[in-house]
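>>> quick one, what's the 3D model for this:
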Amino acid sequence: MKKIEKGQYGYLENQTKREIVFTVILFALAFGCLIFGIIMTKTKNNLFTIAAVLGMLPACRYLINVIMFFRAKRHACPKEVYQEITQIIDGKDCPAIAYDLYMTSEKALFPIYCMASINNTLVGYTVYNKFDEEKCNEHITTMLKQNGFKNCTVKIFTGKDKFMERIKSMRDHGAVDERDLEALHLMLNLSL
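Residues are numbered from 1 along each chain as shown. The predicted structure follows:
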């Protein structure tokens, strides 16, 4: 299974599969250890039982990841949106772009199909029906300020046409610098 890095198109789908595989392996190892211990010693009171119980801890942690990724993958960037963005940027000097972002705050979740960064501006696109644009912009702005990004403009669009127009505009007005990549990297760190 090819690993797709966070921020690349298809990340949520790919990572869900990877988490499932690791979870199944860890549970199989824990149960295998328990069964092996019972068969070898003819009792449950042995060191293999302790090892099996301790082996359940990482298995359960991965199970929680599976649940989170199952919830998040419903909000993965649709292929049509990805293809349209790819056509717009088509090898030109374009904004730094990340796909399949699933950010959370204390009180809300913010699934974002795509986010672009250029010239101290972050723009994103989502169609999540419970999306609170104001809270998302505030959350992202707060996170940027806490990490040393001053005077960053944040705009999350819920309309695809407006977002695509903004991507075209960003593509035509400047080049990506180190600070844009750092801002986008921060958004990836804040995402699932």
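
>>> SS state for residue 113?
strand (DSSP: H, G, I helix; E, B strand; the rest coil).

>>> ok, it to residue 19 distance?
21 Å (CB to CB, to the nearest Å). Bear in mind the C-beta positions are built from the backbone N, C-alpha and C, glycine included.

>>> these two - which one has more neighbours?
Using other CB atoms under 10 Å as the criterion, residue 113 and residue 19 rank with residue 113 on top: 23 against 19.

>>> go ahead and confirm the more buried one touches residue 80.
No - Residue 113 sits out of contact with residue 80 when judged by CB atoms under 8 Å, with a separation of 10.5 Å.

>>> how about the helices in the chain?
11-41, 47-73, 79-89, 133-146, 160-172, 178-190 (DSSP state H).

>>> possible to save the ones you listed as CSV with mean pLDDT and distance to residue 5?
Listed next are the helices of the chain as CSV, based on pLDDT from 0 to 100; distance: least, CB to CB, whole Å:
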stretch, mean pLDDT, distance to residue 5
helix 11-41, 90, 7
helix 47-73, 89, 15
helix 79-89, 81, 15
helix 133-146, 82, 21
helix 160-172, 80, 21
helix 178-190, 82, 9
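
>>> can you lay out these as TSV showing distance to residue 98?
Below are the helices of the chain laid out as TSV (distance: least, CB to CB, whole Å):
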stretch	distance to residue 98
helix 11-41	9
helix 47-73	14
helix 79-89	11
helix 133-146	13
helix 160-172	13
helix 178-190	5
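
>>> what pLDDT does the residue of the chain most remote from its centre get?
Note on the chain: the largest C-alpha distance from the chain mean falls to residue 42, namely 46.1 Å (CA atoms, centre = their mean). Looking at residue 42, its pLDDT stands at 82.

>>> domains of this structure?
Following automatic domain parsing, the chain resolves into domains at 11-73, 79-190.

>>> to residue 2, which of these lies closest?
domain 11-73 (7.5 Å; CB to CB).

>>> follow-up on the earlier one: among the helices of the chain, which comes closest to residue 96?
That would be helix 178-190 among those, by CB to CB, at 4.7 Å.

>>> give the buried residues for that closest one.
180, 183-184, 186-188, 190 (16 or more other CB atoms under 10 Å).

>>> circling back: how about the backbone phi and psi for the residue farthest from the centre of the chain?
phi 60, psi 20 (degrees, to the nearest 10).

>>> and the gap between it and residue 52?
Using CB to CB, residue 42 is found at 16 Å from residue 52.
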